[in-house]
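Participant: Just to be clear, the model below is a prediction. Sequence and coordinates:
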Amino acid sequence: MFDMMIYLIAGLWALTAAGVAWHCGTIAQQITYVTLADGRKQERKIPLLFRLLLPLVPNISPLFEKPLFAKARTTIDRNIIAAGFEDLITATEIMALRIVLPLTLGIPWVLLIYSAVSTNPESILGKLAPALYLIGPLLLSVAPASWLSQTVKTRHRQIRRSLPFVLDLLTLSVEAGMDFMTSLQRNVERATIDPLTEELIRVIREIQLGHTRRAALKAMAQRINLQEIRAVVNSLVQADELGVSIGSILRIQSEQIRQQRFERAEKLANEAPVKMLAPLLLFIFPGVFLILLGPILYQAAQQMF
C-alpha cells in the first residue's frame, strides 16, 4: 500500500511537470504582433518569462489602477508607446509584474541560497547569505522596468540611425518638385519597415483620416519622445506657419543630425580607452604575466618543494 502511494505521488508530480512544460512550450511558440496603420503586422517580442507570468497579473493589477499611481502609469505608458509595444502590454501589467516576479521566483531563489549555505554556514557564501537573499528579489523587481527602458533605447537608436537617410530622400523629393506629403508617401512605400517607417506610416494615415499635418507630426514627436524627432517636427511646423521652403529646412535638419551623430561617435571613441582599462587590468595583464612568468614560477616551486 505504501509503495502504491509513492508511485501515485510520483505519477502526479510527473503529470504536473509535463503540464508545466507543455504550457511553457505553448507560450514560447506564441508570436505577438502589433498592427501598423496600413494594416501590416510587425512582430514584437515580449520576454518569455513575462508572458508566462502575465496570467497571474490580474490578481494584482487592480491595486495599481488607483489614483495614487496615476503619475507612474502615465510615465510607463509613454515608455510603452515609445518602445512600440502599444496595445500589447499596459502600464498596470508592468507594475504588477514587478510584484509577481519576486513573489513567484524569489522563493525558489531563497531556497536555493539556503540549501547552498546550510551545508557550510561559516563559508564566504554563508556570510554573504543575507545580502544574497535580497539581491535576487530586487533584481527580479526591477527587471520589467529595465527591459522597457532598454527597449526604448534600442528603438531610439534605430530611429537615429535611419533619420538622416529619410531626411535626405525627402529633401531630394521636395526639391525635385513634389509636395511634402507625396514625397513622404512615396518614400514610405519603398522603404523597409523600421521604427521610423512605422511612425511615418501612422502620420500618413492620420492625415488621410482628417488630421492636420501639424497635429499628426506633433503626435509622432510625442509618441517617439526623442530630441532629434522633436527638433525636426518643430522646424517643419515653423516652416509651415511662416511659409518657408520645406526643402531647405529638411536639408538643414539633415546636416545637423549628421553632425550630432558624428559628435556622438567621436565621444564614444574618446571613452573607449577608459572603458578598456578595467578589462586590461583584470584579464589581459594577469594573463600575460602568467604566460611569461608561469614556467619560471613552476620551476621555482618544484625546486622548493
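Facilitator: Happy to help now that I have it.

Participant: For the stretch 1-150 of the chain, just list every one of the strands.
Facilitator: Taking DSSP state E, counting those that start in this stretch, the strands of the stretch 1-150 of the chain run over residues 33-35, 41-43.

Participant: The ones you listed: lowest mean pLDDT?
Facilitator: Sorting the strands of the stretch 1-150 of the chain by mean pLDDT places strand 33-35 lowest, at a mean of 77.

Participant: tell me what it is packed against?
Facilitator: strand 41-43 (3 or more CB pairs under 8 Å, 6 or more residues apart in numbering; DSSP states H and E). The C-beta positions use only the backbone N, C-alpha and C, and glycine is treated the same way.

Participant: Please spell out the segments of the stretch 51-200 of the chain that come in under the pLDDT threshold.
Facilitator: For the stretch 51-200 of the chain, the stretches with pLDDT under 70 are 120-127.

Participant: about what we covered before: which one of the strands of the stretch 1-150 of the chain has the most crowded surroundings?
Facilitator: The highest mean neighbour count among the strands of the stretch 1-150 of the chain, using mean count of other CB atoms under 10 Å, belongs to strand 33-35: a mean of 12.

Participant: Provide the strand pairings for that strand, with the direction of each partner.
Facilitator: With DSSP bridges as the test, strand 33-35 is paired with strand 41-43 (antiparallel).

Participant: contact partners of the strand it pairs with?
Facilitator: 31-36, 84, 193, 198 (CB atoms under 8 Å, 6 or more residues apart in numbering).

Participant: For these, work out which two are farthest apart.
Facilitator: 31 and 198 (17.4 Å; CB to CB).

Participant: and residue 197, how many neighbours?
Facilitator: Using other CB atoms under 10 Å, residue 197 has 19 neighbouring residues.

Participant: nearest residue to it other than its sequence neighbours?
Facilitator: Ranked by CB to CB, 6 or more residues apart in numbering and with sequence neighbours excluded, the top spatial neighbour of residue 197 is residue 191, at 4.9 Å.

Participant: And the one you found, how far from residue 10?
Facilitator: Plainly put, residue 191 is 58 Å away from residue 10 if you go by CB to CB, to the nearest Å.

Participant: try residue 218
Facilitator: 64 Å.

Participant: Please say which of these two ends up with more neighbours.
Facilitator: Taking neighbours as other CB under 10 Å, residue 218 and residue 10 compare with residue 218 leading, 17 against 10.

Participant: tell me the contacts of the more buried one?
Facilitator: Residue 218 neighbours (CB under 8 Å, 6+ apart): 233, 237.

Participant: how about the host helix or strand of it: buried residues?
Facilitator: Take DSSP states H and E as the rule and residue 218 turns out to sit in helix 213-224. Neighbour-count burial for helix 213-224, with 16 or more other CB atoms under 10 Å as criterion, is recorded at 213, 216-221, 223-224.

Participant: tell me, how many neighbours does residue 178 end up with?
Facilitator: 17.

Participant: I'd guessed it sits against residue 186; true?
Facilitator: Yes: if you go by CB atoms under 8 Å, residue 178 and residue 186 touch, sitting 7.3 Å apart.

Participant: Skipping adjacent residues, who's closest to residue 54 in space?
Facilitator: Nearest to residue 54 is residue 93, by CB to CB, 6+ apart, at 6.5 Å.

Participant: For that neighbour, list the residues it contacts.
Facilitator: Contacts for residue 93 (CB under 8 Å, 6+ apart) come out as 54, 57, 61.

Participant: got CSV for those, with distance to residue 42 and neighbour count too?
Facilitator: Formatted as CSV, the contacts of residue 93 follow (distance: CB to CB, whole Å; neighbours: other CB atoms under 10 Å):
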residue, distance to residue 42, neighbour count
54, 20, 17
57, 24, 20
61, 26, 20
